[in-house]
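Visitor: pasting the sequence and the predicted coordinates here, then a few questions.
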Amino acid sequence: MHLSASCVCALLISALFCQVTDLTTVSSLYGETVAIPCKNDDFKPEDVVMTKWKYDKGEGLSGDLLVKKTNEDAKISATDEYEGRVSMAENSSLLLSAAKLSDQRTFTCMIVAASDIKEYPINLEILKVPAGLEISDKAEELEIGKLTKLGTCVAQDTNPAANITWLKNNKPLEADGKRIVINQSLDVDPATGLSTTKSTLEYSAEKEDTDAQFTCSTGSFATGELVSPAVTLTVTYSTENIALQVNSQAPVVEGDNMTLKCVADGNPAPTSFNFHLKGELVKVENADIYTIVNVSRDTTGEYKCSLTDDPSMEASKNITVSYLDINLSPSGSIVKRAGDLLNVTLQIDSSAKSKVSWTKDNAKLDKEPKFAKLAYSDSGFYECEVTMGPLSRKALFELVVEELRAVAGAPVIKKLHKQRTEDGKNQVLICEAEGSPKPAVSWSINGSLLTESPFVNGRITHKITVAPSENTTVSCTVSNEYGTDKDIIIVSPLIEDMKMDIQDDLESDQTKLVVGVVVGLLVAAVVIGLAYWVYMKKSKQGSWKTGEKEDGSSEEEKKLEEKVEENSQKAEV
């Protein structure tokens, strides 16, 4: 679609009366190419006849940049500072290269359609972020209570001008005119229009500022917050507190090495100290410790340390050296007679209260052993342990109590017997004996030692396993320095031993049978005698009733008596 020149002029004149849309601001970075959009949403692309870009030159004047008609290439009309810097994108946006601060103005996109003309003004803002942020002119150290220039923070060539904030440990500092003083200045480059902001911090440090990190920041900027590298300054202050420490394992024990350390809070820390060692003064250079080797209980006392350049700054500490000594009487090996008196004394020399425990043959005792009248069972190993905190001391004695008899302590075999092993394949011979000291046990037959019980209270049990091939008489012999005892036992082969057991069982059964027969005969004899007595009694009663004579009855009685006697003899047989 083509318009005549008169029509275009009419449309341009009527554009003066068109409604102007709200002003929109577009931001871009300094030195980059800017794309300024033409917001022509009011028209369809096919209805647009011409697109024109212009800019506000100030004082009510405007300058043309380019014009593009439908189906034609854009024609550049820009002069002066925009010559060679402008072009138009396919979406009608104005492309402006090498953006600079002087480009901060209003650019207008004018759309000409068949029936209307509209303008879309766009305000352009150019932003410039500083290349970096760094603290310069840094102080070497800060002294407590003294207002000192800490450093200067510079934000070079920015737009808009940077507002610098100081931070300590990431928390903003606020100027109070006393401990914190902040001075800020602004310079604008007349050629570029870019701003340089300088901020100086004066700071009065406190002891808590040791190792504190100081930074400066531009705050919220177009591209985000810019923060300088952290600066840590040495905070100096005089010594205010001093302490004496004992760098040794607690408690200090006799024989240990004890290290004293003087701790002062000055910065820089003091490098030399005086150590007062119970009347002796020792000066230490370039160190804060002093070691006493192989301490004793005499080392206990008050110790001090002080500054060499200020003796009034001193600290003290009372130090106690722990010790524990014991003396047990008697000790070693003691041999006593049964019935004797034995006094046991334990002397303890310690720096604090101690605890005593006793054991006999590794078994704990409830109280200290006392022996008013020694018994054979008192024999054994006695040990006492005395503890005081981490310290421990032990002492022991071995007590042997001898029996009061002709041969004192001579061994005696209490029992010698045998039994089969659980699998029934071998014989176990057991010899139980008493004596003191411990008797030696020997056998007259070769065998394997099965076990030997501990020698406790003068008693011992010795077991061996044997497998004899024939009947053998075996002896067990026990002996010590006071005498010897011996006992014998007959051991049969396992098969013969089992046969004897079976024979014993058979003989037992035969004996039971004979006893049963005898008892049966005795019962029979009693029954026969009872029957005869009843018979005789009835016979006599019958003759009384009939009045008959008892002639011939005596013969019958004799025959019965003979019969009873014969049965009795058979029963006895």
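Guide: Okay, I see it.

Visitor: the one residue sitting closest to the centre of the chain: what's it in contact with?
Guide: Geometric centre of the chain, nearest residue: residue 249, 21.8 Å, by Cα atoms, centre = their mean. Applying Cβ atoms under 8 Å, 6 or more residues apart in numbering, we find residue 249 in contact with residue 256. For the C-beta atoms, the positions are set from N, CA and C on the backbone; glycine is no exception.

Visitor: shouldn't residue 268 be in contact with residue 235?
Guide: No: here residue 268 does not reach residue 235: they are 10.3 Å apart, not a contact under Cβ atoms under 8 Å.

Visitor: one step back: am I right that the residue nearest to the centre of the chain is in a strand?
Guide: No: counting by DSSP: H, G, I helix; E, B strand; the rest coil, residue 249 is not part of a strand but coil.

Visitor: any idea how far residue 27 is from it?
Guide: 69 Å (Cβ to Cβ, to the nearest Å).

Visitor: contacts only, for residue 380.
Guide: Neighbours of residue 380 in contact, by Cβ under 8 Å, 6+ apart: 360, 361, 398, 399, 456, 457.

Visitor: point out where the protein drops to low pLDDT.
Guide: 1-22, 220-223, 403-408, 496-519, 534-573 (pLDDT under 70).

Visitor: just the helices in it please.
Guide: 5-14, 494-546, 553-572 (DSSP state H).

Visitor: thought residue 255 was touching residue 321, still the case?
Guide: No: at 9.4 Å, residue 321 does not count as touching residue 255 under the criterion of Cβ under 8 Å.

Visitor: shared neighbours of the two, anything?
Guide: 295, 296.

Visitor: neighbour count winner among those two?
Guide: Between residue 321 and residue 255, counting by other Cβ atoms under 10 Å, residue 321 is the more crowded of the two (20 against 11).

Visitor: ok, which stretches of the stretch 51-200 of the chain are strands?
Guide: Assigned by DSSP state E, counting those that start in this stretch, the stretch 51-200 of the chain shows strands spanning 61-69, 75-76, 86-88, 94-96, 106-113, 117-127, 133-136, 141-143, 148-158, 165-168, 171-172, 180-188, 195-203.

Visitor: wait, which of the ones you listed is closest to residue 228?
Guide: With Cβ to Cβ, the closest approach to residue 228 among these belongs to strand 133-136: 4.2 Å.

Visitor: tell me who's in contact with residue 182.
Guide: 166, 173, 175, 199, 200, 201, 202.

Visitor: can you check residue 196 too?
Guide: Per Cβ under 8 Å, 6+ apart, neighbours of residue 196: 154, 155, 156, 157, 158, 186, 187, 188, 189.

Visitor: CSV for those residues, including distance to residue 114?
Guide: Listed next are these as CSV, based on distance: Cβ to Cβ, whole Å:
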residue, distance to residue 114
154, 58
155, 53
156, 53
157, 49
158, 48
186, 53
187, 54
188, 49
189, 49
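
Visitor: looking at those, state which has the most neighbours.
Guide: residue 155 (27 neighbours).

Visitor: quick check: chain neighbours aside, which residue is closest to that one?
Guide: The shortest distance from residue 155 to any non-neighbouring residue, by Cβ to Cβ, 6 or more residues apart in numbering, is to residue 162 (3.6 Å).

Visitor: same check on residue 282?
Guide: In space, residue 282 is closest to residue 275, 4.7 Å off (Cβ to Cβ, 6+ apart).

Visitor: about what we covered before: quick check, nearest of the contacts of residue 182 to residue 129?
Guide: Closest to residue 129, out of all of the contacts of residue 182 and judged by Cβ to Cβ, is residue 199, at 16.8 Å.

Visitor: who are the contact partners of residue 298?
Guide: Contacts of residue 298 by Cβ under 8 Å, 6+ apart are residue 321.

Visitor: and what of residue 447?
Guide: 429, 464, 465, 466.

Visitor: can you check residue 227 too?
Guide: 133, 167, 215, 216, 217, 218.

Visitor: try 10 Å
Guide: Contacts for residue 227 (Cβ atoms under 10 Å, 6 or more residues apart in numbering) come out as 133, 165, 167, 170, 215, 216, 217, 218, 219.

Visitor: by neighbours, which of the residues you listed wins?
Guide: residue 216 (27 neighbours).

Visitor: just give the nearest non-adjacent residue to residue 28, would you?
Guide: residue 34 (4.1 Å).

Visitor: ok, residue 130 touching residue 157?
Guide: Yes: in this structure residue 130 lies within contact range of residue 157 using Cβ atoms under 10 Å: 6.4 Å.

Visitor: overlap of the contact sets of those two?
Guide: Contacts common to residue 130 and residue 157, judged by Cβ under 10 Å, 6+ apart, are 194, 195, 196.

Visitor: that older thread, TSV for the contacts of residue 447, including distance to residue 57?
Guide: Below are those laid out as TSV (distance: Cβ to Cβ, whole Å):
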residue	distance to residue 57
429	133
464	130
465	127
466	133
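
Visitor: can you select the buried ones from these in PyMOL?
Guide: Burial among these is assessed by 16 or more other Cβ atoms under 10 Å; the matching PyMOL selection reads:
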select buried, resi 429+464+466
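
Visitor: now, the most widely separated pair of the contacts of residue 447?
Guide: Of all pairs in the contacts of residue 447, the most separated under Cβ to Cβ is 429 and 465 at 7.9 Å.

Visitor: which residues do the two both contact?
Guide: Joint contacts of residue 429 and residue 465 (Cβ under 10 Å, 6+ apart) are 447, 450.

Visitor: give me the domain ranges for this structure.
Guide: Per automatic domain parsing, the domain ranges recorded for the chain read 5-127, 133-236, 242-322, 324-402, 412-492, 497-572.

Visitor: surely residue 62 meets residue 54?
Guide: Yes: if you go by Cβ under 10 Å, residue 62 and residue 54 touch, sitting 5.0 Å apart.

Visitor: appreciated, that's everything.
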